[in-house]
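Asks: Return atomic coordinates for the entry below.
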Amino acid sequence: MASAATCSLYLTTSTRYTPCMENAPDLRAALRRYWGYESFRPLQESIVLSLWEGRDACVVMPTGGGKSLCYQLPAALDVQRTAVVVSPLIALMQDQVAQLEQIGIPAGLLNSSLPSNAQSRVMQEARAGRYRLLYLSPERLVRQETFWWLAEVPVSFFVIDEAHCISQWGHEFRPEYRQLRLLRERFPERPIAAFTASATQRVRHDIMAQLGLRDPRKFIASFHRPNLRYVVRQCDASTQPELLLRALRSYPEGNVIVYAPTIKRVEETADFLEGHGIPAVPYHGQMDAATRRRNQERWMSDEVRVLVGTIAFGLGINKAAVRAVIHLALPQSLENYYQEAGRAGRDGQPADCVLLWQKRDLGLLVFFIKEIADPQEQNRAWDRYRDITRFAESESCRHSQICRHFGEKPKWGSCRSCDVCGTRLAWLEEPVAVAPRSRRKRVKLSSSRPAAPAAAQQQFAAAPRALPAPADAGLRDYLRQWRRAAAEEQGVPAFVVLHDTSLDDLCRVQPASLDELRGVYGFGEVKTARYGEAILAALAAYRRGARAGPAAEVKETPGDETLRLLAAGRTLAEIAQIRGRKLETVADMVARLVESGEVEFDPAWVDAEKRASIEAAAARLGRERLKSIKDAVAAEITYGEIRLVLARLARERA
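Replies: Alright, predicted model coming up:
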């Protein structure tokens, strides 16, 4: 949960609900005891009381608005019953359960990641009412056998997280969510609460209808995030890499998320940044779960500031100090963009949401839309296409466009927080020298220029401002190292042990006793009891002169690592496995090394028959377009093999 500074950013736009305070529990005492927070954010207390009263609810709160606390708190207070939470991602469930256990709230999860004996144990514990919250996937919940044993669980209420997935009009419609209407039929007396971060009026009405909500309380927070600066720039394949480098060099503090449209672009971009001295980790759905989890944890714990991911990254991510979210292509919808960009600035401080799009993005979106077989779904996809292209090309206020899209009527004339209304980013304003095109019109990722000079950045009033630095940066490094060790000892992510906002407040307060520690943001009773003595000991050691250990050695660049592995006789497939990359990504990098003369083409990479076929097609069609060659050769010949052969031809010609 982000710092309390974020509270002022959210305003109620449509709720007439006045909770009944009679017989209500002391919510603020529970908030302090479990979470270590002194006050609620807007809407949270009303939502908690509504669920406590047993009313159905439809809740729409932006990313970072504190949705999870709204159902976790009333569940924690009901010591005899269990709230069942439907959540779409295994990793998200695991994080939620780990964080609840850290603050003393019993929680469990049931999904395919658990072995059968563990699943049986969870079901047994649930029947006994030992959990305050139980997390299930939608696929698991709608099984017939799940309904049978769930009928024996003392359920207090149901929570549907990411509820927009139930609506055919939503941007992430999932058919299995449609079956959740069975909850009303099977458990007619149990309240149902639907939560989402991005739902238009039409989607909200569809959610309530599909779930059969009865006279639901509606809590709709404002979609206006004034601390976010929306900046949209159309670029091309020659200038986008340099703009990305400039951007990342202009954010010295805080984390950055870079969204790329495909898995291949994710891996290439991460390697490109590493090759230019910017540590970055990739994240996509085809990684093995352990690597994906490790990369997310490295980013969450500030080991690496930049994460390059597909849209698979971000759901449920609770990272406060994200200073920028950069998109390298048009998202599939305005809802997607709002949700992804909204992962920036959850601490209430200024943050940039930059969309660097190219005309070819439109063609890619059109291609995917035409692949949709269902006519109605295709029409809805065309609607989303028109919305996102209008947003990118329009000359009207970006904040206003977003609010109106979700049914909110802005009350301002100029937001002063988007490029249309005057926001300028120095790194984006300096002219970009167009790099020479290669023969295949591909981006030469090795081309770069220095970052914009500091003087140029200072001339813009809207240049990014980082969070106030802790009073002692050395102490922050020391406590981060302590946090990492504590997390590894327990086998949980570092952010589960201590959130960034708590760590920063700890550095500012520097408590000398447990009573003082309880005044630090995010330290409730359980967390203080669990870590208090160890934290006080760490602070005392720092005062005596202890410091963080040496940083990890600088990692070799992706290009150097690939060259080393090639020299060691590794095959391309082995290199892909060692480096955690797709084979096509490795082939593409090796092709660039061949073109530059850093490595000789190895005939073993592409057998003679395939090589002859590719060379013949290239001679007939030219080497300008890979797709034309791909269409002309046998289906089993890959793009990677084509790139390697063309690289050899280019090197010979050079």
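
Asks: so V594 is in which element?
Replies: Using DSSP states H and E, V594 sits in helix 583-595.

Asks: helix or strand right after that helix?
Replies: Note on helix 583-595: by DSSP H and E, the next helix or strand toward the C-terminus is helix 608-621.

Asks: Just the CA trace of that following helix, in PDB.
Replies: The C-alpha coordinates for helix 608-621 follow below in PDB (Å, rounded to 0.1, in the frame of the first residue of the first chain):
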ATOM      1  CA  ALA A 608      23.100 -26.600 -46.000                       C
ATOM      2  CA  GLU A 609      19.700 -27.300 -47.500                       C
ATOM      3  CA  LYS A 610      17.900 -24.500 -45.500                       C
ATOM      4  CA  ARG A 611      20.800 -22.200 -46.200                       C
ATOM      5  CA  ALA A 612      20.500 -22.700 -49.900                       C
ATOM      6  CA  SER A 613      16.800 -22.100 -49.800                       C
ATOM      7  CA  ILE A 614      17.100 -18.900 -47.900                       C
ATOM      8  CA  GLU A 615      19.900 -17.600 -50.200                       C
ATOM      9  CA  ALA A 616      17.800 -18.400 -53.300                       C
ATOM     10  CA  ALA A 617      14.800 -16.600 -51.800                       C
ATOM     11  CA  ALA A 618      16.900 -13.600 -50.900                       C
ATOM     12  CA  ALA A 619      18.400 -13.400 -54.300                       C
ATOM     13  CA  ARG A 620      15.000 -13.400 -55.900                       C
ATOM     14  CA  LEU A 621      13.100 -11.200 -53.500                       C
END
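
Asks: So for it, what gets flagged as buried?
Replies: Residues of helix 608-621 classed as buried: K610, R611, S613, I614, A617, A618 (neighbour count, 16 or more other Cβ atoms under 10 Å). To be clear about C-beta, it is placed using only N, CA and C from the backbone, and glycine gets the same treatment.

Asks: Which secondary structure elements does that helix sit against?
Replies: Counting contacts by 3 or more Cβ pairs under 8 Å, 6 or more residues apart in numbering; DSSP states H and E, helix 608-621 packs against helix 626-632, helix 639-653.

Asks: T571: which of the ones you listed is closest?
Replies: Proximity to T571 (Cβ to Cβ) singles out helix 639-653 among these, at 12.6 Å.

Asks: Can you check what angle separates that closest one from helix 583-595?
Replies: Counting by axes from the mean of the first three to the mean of the last three Cα atoms, to 10 degrees, helix 639-653 lies at 0 degrees to helix 583-595.

Asks: quick one, helix 639-653 and helix 608-621 angle?
Replies: Helix 639-653 and helix 608-621 are oriented at 70 degrees to each other (the same axes, to 10 degrees).

Asks: May I have the predicted confidence score for the residue positioned nearest the centre of the chain?
Replies: Central residue of the chain (Cα atoms, centre = their mean): G314, 1.6 Å from the mean position. What the model reports as pLDDT for G314 is 73.

Asks: how much space between it and A540?
Replies: Distance of G314 to A540, computed by Cβ to Cβ, to the nearest Å: 38 Å.

Asks: Equivalent analysis for R404, please.
Replies: Using Cβ to Cβ, R404 is found at 55 Å from A540.

Asks: about what we covered before: for the residue nearest to the centre of the chain, which non-adjacent residue is spatially closest?
Replies: Leaving aside its chain neighbours, G314 sits nearest to R343 (5.3 Å; criterion: Cβ to Cβ, 6 or more residues apart in numbering).

Asks: Count the residues that sit near that neighbour.
Replies: Neighbours of R343 under the rule other Cβ atoms under 10 Å: 22.

Asks: That one against A197, yeah?
Replies: No: applying Cβ atoms under 8 Å as the test, R343 and A197 come out as separate, 10.1 Å apart.

Asks: Need the overlap of contacts for the two.
Replies: Residues touching both R343 and A197 by Cβ atoms under 8 Å, 6 or more residues apart in numbering: T63.

Asks: Where does pLDDT dip in the stretch 1-150 of the chain?
Replies: The stretch 1-150 of the chain contains residues with pLDDT under 70 at 1-24.

Asks: ditto for the stretch 201-350 of the chain
Replies: 316.

Asks: Which parts of it are helices?
Replies: With DSSP state H, counting those that start in this stretch, the ranges of helices along the stretch 201-350 of the chain come out as 201-211, 240-249, 263-275, 289-300, 334-341.

Asks: could you redo those helices as TSV and give each row distance to E172 and mean neighbour count?
Replies: Shown next, in TSV, are these (distance: least, Cβ to Cβ, whole Å; neighbours: other Cβ atoms under 10 Å):
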stretch	distance to E172	mean neighbour count
helix 201-211	10	19
helix 240-249	26	21
helix 263-275	18	23
helix 289-300	19	18
helix 334-341	8	24
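
Asks: Let's have those in CSV, adding distance to A548.
Replies: Putting these into CSV (distance: least, Cβ to Cβ, whole Å) gives the following:
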stretch, distance to A548
helix 201-211, 47
helix 240-249, 24
helix 263-275, 23
helix 289-300, 16
helix 334-341, 33
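
Asks: Please name whichever of the ones you listed is nearest to E430.
Replies: Of the helices of the stretch 201-350 of the chain, nearest to E430 by Cβ to Cβ is helix 240-249, at 7.5 Å.

Asks: other SSEs contacting that closest one?
Replies: The contact analysis (3+ Cβ pairs under 8 Å, 6+ apart) places helix 240-249 against strand 255-259, helix 263-275, strand 322-327, strand 351-357, helix 426-429.

Asks: Can I get these in a markdown table including distance to E335?
Replies: A markdown table is the format used below for those (distance: least, Cβ to Cβ, whole Å):
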| stretch | distance to E335 |
| --- | --- |
| strand 255-259 | 14 |
| helix 263-275 | 21 |
| strand 322-327 | 14 |
| strand 351-357 | 14 |
| helix 426-429 | 25 |
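
Asks: Let me know which of those is the nearest to A30.
Replies: Taking Cβ to Cβ, strand 322-327 is the member of the helices and strands packed on helix 240-249 nearest to A30, at 28.9 Å.

Asks: Output that closest one as PDB - backbone C-alpha positions only.
Replies: Extracted in PDB, the C-alpha atoms of strand 322-327 (Å, rounded to 0.1, in the frame of the first residue of the first chain):
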ATOM      1  CA  VAL A 322       7.800   3.900  -9.800                       C
ATOM      2  CA  ARG A 323       8.900   7.100 -11.400                       C
ATOM      3  CA  ALA A 324       8.000   6.200 -15.000                       C
ATOM      4  CA  VAL A 325       6.100   3.700 -17.100                       C
ATOM      5  CA  ILE A 326       7.200   3.700 -20.700                       C
ATOM      6  CA  HIS A 327       5.200   2.000 -23.500                       C
END
